[in-house]
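>>> Using only what follows, build the 3D model:
(4 chains)
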2 protein chains.
Amino acid sequence: MKAFEVLGDPVRRRILELLADSEQPVGAVAEVLRAEFGISQPGVSQHLRVLRESGFATARADGTRRLYAIEPSALQEVDVWLDQFRRFWNQRLDALTTELVRGQLERHLKQTPSSVAANGSNTNREEQNDS
Amino acid sequence: MKAFEVLGDPVRRRILELLADSEQPVGAVAEVLRAEFGISQPGVSQHLRVLRESGFATARADGTRRLYAIEPSALQEVDVWLDQFRRFWNQRLDALTTELVRGQLERHLKQTPSSVAANGSNTNREEQNDS
DNA sequence: GACTTATATAAGTTCACTCTTACATAATGG
DNA sequence: CCATTATGTAAGAGTGAACTTATATAAGTC
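Numbers count the residues shown, from 1 in each chain, chains lettered A, B, ... in the order given. I've put the predicted structure just below:
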């Protein structure tokens, strides 16, 4: 699990956030990081290398530029590791996330109405005990 | 987001895994870590302090011992950060806490079969894409 | 109170990581 | 080709984090 070591660096996390919007050339990323962290272009290149080699990002050539993009697999590993702890906040929907989740659920059900059919009413009513 | 820096250390991740089973006294944790990482008791205490101070664990006194337990909030922060990337491996449910919704949905459908009525077959079959 | 067990803190060392500057490589356009 | 733009690599410096050993604290035991 090298993934967490890679994400330990705030600059690299920021890079991933930038790539999440869409693939980006090194220059664009470097510009942002110079503004936000005061870091040089070679510094950025080094971080991008780490992200590439650890499976967090991929690069493709585009003329003289290289476009970097998110590679989900490594991030998903992190997600999987978190699974063993989800039960600590998952058992019951707590006050914080209930509404969000509920909205999510409704939207989801709306997207695939066939799967739930008739009753759009008391879909997830069993977990409002302490919220 | 100090959380990722804290999780960057494999020893600390292992400690959290150990605490996930149940709360543990320092001694028990230290024993495992000495076996697995060759690390001393003070080393373990230092890591536990980091986990405490960063909100990943709590400690309560029990006679001469201190029992450490998981504190979910910090881990949940990590989960939330991951949200912005989930769409890369969850085409359908993209936003917050997909797993939560998923588990919730499954439990719900199981608990209230009447709500899905006729089609008990492909109830939530649409999200087995890449797993 | 003295002894033991359990854990925390102090001080110091070591080492890996993240920078920087300088340079290399590669594609494009005149 | 030569210059320019875009990016990658090299080498070295500085810093901080994670250990170690030694010691402090604190609670149970006799």
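>>> and A:Ile70, what are its phi and psi?
Main-chain dihedrals, A:Ile70, degrees, to the nearest 10: phi -60, psi 140.
>>> likewise A:Asp9?
phi -90, psi 130.
>>> residues in contact with the closest residue in space to it that isn't next to it in sequence?
In space, A:Asp9 comes closest to A:His47 once its chain neighbours are excluded; the distance is 7.1 Å by Cβ to Cβ, 6 or more residues apart in numbering or on different chains. Using the backbone N, CA and C atoms, a C-beta is placed for each residue, glycine as well. Neighbouring residues of A:His47 by Cβ atoms under 8 Å, 6 or more residues apart in numbering or on different chains: A:Asp9, A:Val11, A:Arg12, A:Ile15.
>>> Show me just the buried residues among those.
A:Asp9, A:Arg12, A:Ile15 (16 or more other Cβ atoms under 10 Å in any protein chain shown).
>>> so which of those comes closest to chain B?
A:Asp9 (8.1 Å; Cβ to the nearest Cβ).
>>> any residues touching the lengthiest helix in chain A, and which ones?
Longest helix in chain A, counting residues (DSSP state H): helix A:72-90. For helix A:72-90, contacts defined as Cβ under 8 Å, 6+ apart pick out A:1, A:3-4, A:6-7, A:16, A:54-56, A:97, B:13, B:16-17, B:20, B:70, B:72, B:75-76, B:78-79, B:82, B:85-86, B:88-89, B:99-100, B:103.
>>> Report the angle between it and helix B:72-86.
140 degrees (axes from the mean of the first three to the mean of the last three Cα atoms, to 10 degrees).
>>> List the buried residues for helix A:72-90?
Counting neighbours by 16+ other Cβ under 10 Å, the buried set in helix A:72-90 is A:72, A:74-79, A:81-82, A:85-86, A:89-90.
>>> which secondary element of chain A has the worst mean pLDDT?
Every helix and strand of chain A was ranked by mean pLDDT, DSSP states H and E. The lowest is helix A:95-111, at a mean of 51.
>>> For chain A, what lies in contact range of DNA strand C?
Residues of chain A that fall close to DNA strand C, judged by Cβ under 7 Å from any atom of the strand: A:5, A:8-9, A:11, A:37-40, A:42-43, A:46-47, A:50, A:61, A:63-64.
>>> quick one: A:Arg12 and A:Glu53 touch, right?
No - contact between A:Arg12 and A:Glu53 fails when scored by Cβ atoms under 8 Å: they sit 11.9 Å apart.
>>> Can you list the low-confidence ranges for chain A?
Where chain A drops to pLDDT under 70, the residues are A:91-131.
>>> just to revisit the earlier point, which SS class is the residue nearest to A:Asp9?
helix (DSSP: H, G, I helix; E, B strand; the rest coil).
>>> Check the one 3 residues further on too.
When states are read from three-state DSSP, the local structure at A:Val50 comes out as helix.
>>> Neighbours of the closest residue to it other than its chain neighbours, how many?
For A:Val50, ignoring the flanking residues on the chain, the nearest one in space by Cβ to Cβ, 6+ apart is A:Val6 at 6.1 Å. Neighbourhood size, A:Val6 [other Cβ atoms under 10 Å in any protein chain shown]: 22.
>>> what's A:Val6 in contact with, if anything?
Here A:Val6 is in contact with A:Arg12, A:Val50, A:Leu51, A:Ser54, A:Phe56, A:Ala74 (Cβ under 8 Å, 6+ apart).
>>> quick one: the closest residue to chain B within chain A and B:Ile39, what's the gap?
Nearest residue of chain A to chain B, counting by Cβ to the nearest Cβ: A:Gly8, 2.8 Å away. Separation of A:Gly8 from B:Ile39 (Cβ to Cβ, to the nearest Å): 19 Å.
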